[in-house]
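>>> Structural data only, the sequence is not supplied:
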């Protein structure tokens, strides 16, 4: 069983912002797995299906980014999902734009959504798929930057990154995290 959680903020106001690329990736996964994300539980919207014998649960927390862990931990407990089978799709300002990184575990860094998850799950041992959203310009504060939308040129690149993130999750499920990391972490779009 896999619990796949895309991080973002609910509401039209935040659609297509840098902070919501996790939601965008969940949408592509929903299309791939033919899952309707139309059920509501634990302050999140979700859908579920099976893929190659594995139960797949896709979740978009509706708690806002800083409380993502509140939603995720309830799903993890309810469905009794092992921490290594919780995959979090998340924006990242620190990795090179035009890339996606799979990490097996680790520190949440400066990301408040990941901080919330680590705090509520009481572990750092869950995989994450990090989607580059470019580096913050020095003249902007971090909150304004992550809540901003991409330029048209950036959007072309980030749409490809989101496809890579979708494929990364599929590779983790089908072939394991090590092989997925080998195939995905070296890809550079620019």
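Received it, and whenever you're ready, just let me know what you need. Owing to the predicted nature of the structure, the values given are computational and were not obtained by experimental measurement.
>>> Poorly predicted segments of this structure, please.
Applying pLDDT under 70 to the chain picks out no residues at all.
>>> Quick check, central residue of it?
Of all residues in the chain, the one closest to the mean position by Cα atoms, centre = their mean is residue 89, 1.1 Å from it.
>>> Which secondary structure state does that residue sit in?
Recorded secondary structure, residue 89: strand (DSSP: H, G, I helix; E, B strand; the rest coil).
>>> Which positions within stretch 37-54 qualify as buried?
Neighbour-count burial for stretch 37-54 flags 37, 42, 43, 44, 45, 46, 47, 48, 51 (criterion: 16 or more other Cβ atoms under 10 Å). All C-beta spots, glycine's among them, are computed from the backbone N, C-alpha and C.
>>> cool, stretch 64-74 as well?
64, 65, 67, 68, 69, 70, 71, 72, 73, 74.
>>> So which residues make contact with it?
Contact partners of stretch 64-74, identified using Cβ atoms under 8 Å, 6 or more residues apart in numbering, comprise 3, 5, 7-10, 19, 41-44, 59, 61-63, 86, 88, 112-121.
>>> right, and residue 43 touches residue 60 too?
No. Here residue 43 lies out of contact with residue 60, judged by Cβ atoms under 8 Å, at a distance of 10.4 Å.
>>> what's near enough to touch the nearest residue to residue 146 once chain neighbours are set aside?
In this structure, residue 146 finds its nearest non-sequential neighbour in residue 19, 4.3 Å apart by Cβ to Cβ, 6 or more residues apart in numbering. With contacts defined as Cβ under 8 Å, 6+ apart, the neighbours of residue 19 are 7, 8, 9, 65, 91, 133, 146, 147.
>>> out of these, which are buried?
So, by 16+ other Cβ under 10 Å, the buried ones in the contacts of residue 19 are 7, 8, 9, 65, 91, 133, 146.
>>> Check the residues you listed against residue 189 and report the nearest one.
Nearest to residue 189 among the buried ones among the contacts of residue 19 is residue 133, at 13.1 Å by Cβ to Cβ.
>>> Excluding covalently adjacent residues, which one is nearest to the closest one?
Per Cβ to Cβ, 6+ apart, closest to residue 133 is residue 18, 3.9 Å.
>>> can you give me the strands for the protein?
According to DSSP state E, the chain carries its strands in the segments 2-6, 39-41, 44-51, 54-61, 86-92, 100-103, 128-132.
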